[in-house]
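1. A predicted structure for the sequence below; I have some questions about it.
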Amino acid sequence: PSKRVILSGIQPTGIPHLGNYLGALSNWVKLQKSAKPNDVLLFSIVGWHALTLPQDPSTLRSARDDMLAVILSIGIEPTRSILFHQDHNPHHAELCWILNCITPMGKLRRMTTWKSRLAASRNAGSEDEIDESLLNAGLLTYPVLQAADVLVYRATHVPVGEDQRQHIELTRDLADIFNRTFKGDKKSRLFPLPIYVDTPSKRVLSLRDPSSKMSKSSPDTASRILLTDTASQIKAKIRSAVTDSTQGITYDPVSRPGASNLLTILAACTDSDVTAVAKLYETKGHAELKNDVADAVEELLKGPRAEFEKIRHEKAFLDDVARQGASRAMQHSEATMREVRTRLGL
Ligand code: ADP
Ligand code: NA
């Protein structure tokens, strides 16, 4: 079997919440556990992507260390996986520029992520008046940078959220355009077409408003559990989770989203099937369910939290991990970039 090169990334948004963990980061750890010895695993903290939205420099600086420390705390081993800051490897930006120059504008305009940005920037009541202060070119070319993240390592597998599927399609298109346009002396295809890996996504909902997902942007901090929350914070947040007044517990995401969300969390924390978990609570009350969810979340998070507290302020250690990660990442991207430049005539 040929070697897999697996790449995934996350923005430096600070301490991740339970949704980020169950929906994204825990899959990295599972991938690392199940990977074959010759698989290459690359996990990137994508600081350049974060710049498409306004960032406060000192907040961003500490958010980068928070994210790095959390990823280490949950079990990503820097000796096994290549863990690095995207912006520590300039090859991403170099390839991004080159890909920009072969990307048809129409393809970018068709990205749903761009279309939703555009829709949000339209002045109220007007179809064609756009508030340009809400838009920057980086928001349009965001998926091209993502394509560069993948292609610079000639990645074959990209496990990311469902919302990123279209970006992986674009990545394949750009790889194909490059391969056909720049065949080089060897008349070979430089880039493999990467495969979108559908990860078993557990969508975790807001504890306070189960009609929306758990998100870092909600002003209600009780709506999310952070990976560093203490046992008593976890308990308080779960206890104040919005449920309903129906007797007994059933898994019914449409009409009972609050209780179903708690079941989803409990099942994910205990690695069980949600319908099996629901069966156990059929005749039980919300208070008992909440108690058990809080215990399960605490059980899941206490190890990572202790590790985080140990390493978060070991700045020299974190910098060292990041530096070594970037150096290993560049060893993988260097040969590709040399070949890219040659094929372009640079
Ligand atoms: P947020 O929605 O809090 O801004 P991000 O957009 O930064 O989170 O998402 C980072 C990663 O976490 C993505 O892979 C995303 O799919 C995943 N994710 C975010 N929120 C949730 C959630 N509530 N449930 C499951 N996965 C989530
Ligand atoms: Na988001």
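-> Great, that's in hand. Everything numeric in this text was worked out from a predicted model, so none of it was measured. Ligands and ions are numbered 1, 2, ... in the order given.

2. what parts of the chain come near ligand 1?
-> With C-beta under 6 Å from any ligand atom as the criterion, the chain comes near ligand 1 at residues 10-11, 13, 19-20, 22-24, 161, 202-204, 213-217. For the C-beta atoms, the positions are set from N, CA and C on the backbone; glycine is no exception.

3. repeat that for 8 Å
-> 10-11, 13, 16-20, 22-25, 160-164, 201-206, 213-217, 224 (C-beta under 8 Å from any ligand atom).

4. the closest residue to ligand 1 within the chain: neighbour count?
-> Distances between the chain and ligand 1 by C-beta to the nearest ligand atom are smallest at G23, namely 2.0 Å. Residues near G23, counting by other C-beta atoms under 10 Å, number 22.

5. gap between it and P16?
-> Counting by C-beta to C-beta, to the nearest Å, the gap from G23 to P16 is 10 Å.

6. what does K183 give?
-> For K183, the distance to P16 equals 42 Å [C-beta to C-beta].

7. please enumerate the helices of the stretch 101-250 of the chain.
-> Counting by DSSP state H, counting those that start in this stretch, the segments of the stretch 101-250 of the chain that form helices are 105-109, 112-121, 137-151, 165-181, 231-239.

8. restricted to buried residues, select the residues of the chain next to ligand 1 in ChimeraX.
-> Filtering the residues of the chain next to ligand 1 down to the buried ones (16 or more other C-beta atoms under 10 Å) takes a single ChimeraX command:
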select :10,11,13,16,17,18,19,20,22,23,24,25,160,164,202,204,205,206,213,214,216,224
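
9. mind giving me the packing neighbours of the longest helix along the chain?
-> Determined from DSSP state H, the single longest helix within the chain is helix 315-344. Of the remaining helices and strands, those touching helix 315-344 by 3 or more C-beta pairs under 8 Å, 6 or more residues apart in numbering; DSSP states H and E are strand 40-45, helix 57-73, strand 82-85, helix 91-100.

10. by contact count, what packs against the first one?
-> Using 3+ C-beta pairs under 8 Å, 6+ apart, the elements in contact with strand 40-45 are strand 5-10, helix 26-34, helix 57-73, strand 82-85, helix 315-344.

11. can you put those in TSV and add mean pLDDT and distance to R117?
-> Putting the helices and strands packed on strand 40-45 into TSV (pLDDT from 0 to 100; distance: least, C-beta to C-beta, whole Å) gives the following:
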stretch	mean pLDDT	distance to R117
strand 5-10	98	19
helix 26-34	96	26
helix 57-73	98	20
strand 82-85	98	25
helix 315-344	98	29
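
12. redo the ones you listed as a markdown table? Include distance to D128.
-> Written out in a markdown table, the entries for those read as follows (distance: least, C-beta to C-beta, whole Å):
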| stretch | distance to D128 |
| --- | --- |
| strand 5-10 | 34 |
| helix 26-34 | 41 |
| helix 57-73 | 34 |
| strand 82-85 | 39 |
| helix 315-344 | 38 |
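
13. minimum distance to L51: which of those has it?
-> Between L51 and those, the shortest separation by C-beta to C-beta is 8.5 Å, and it involves helix 57-73.

14. how close does the residue in the chain sticking out farthest from the centre get to R343?
-> Distance to the chain centre peaks in the chain at D185, reaching 37.5 Å (criterion: C-alpha atoms, centre = their mean). Remark: distance between D185 and R343 (C-beta to C-beta) = 9 Å.

15. next one: W97
-> Here the criterion is C-beta to C-beta. By it, W97 lies 15 Å from R343.

16. please identify which of the two sits among more neighbours.
-> Set W97 next to R343 and count neighbours by other C-beta under 10 Å: R343 wins out with 19 against 12.
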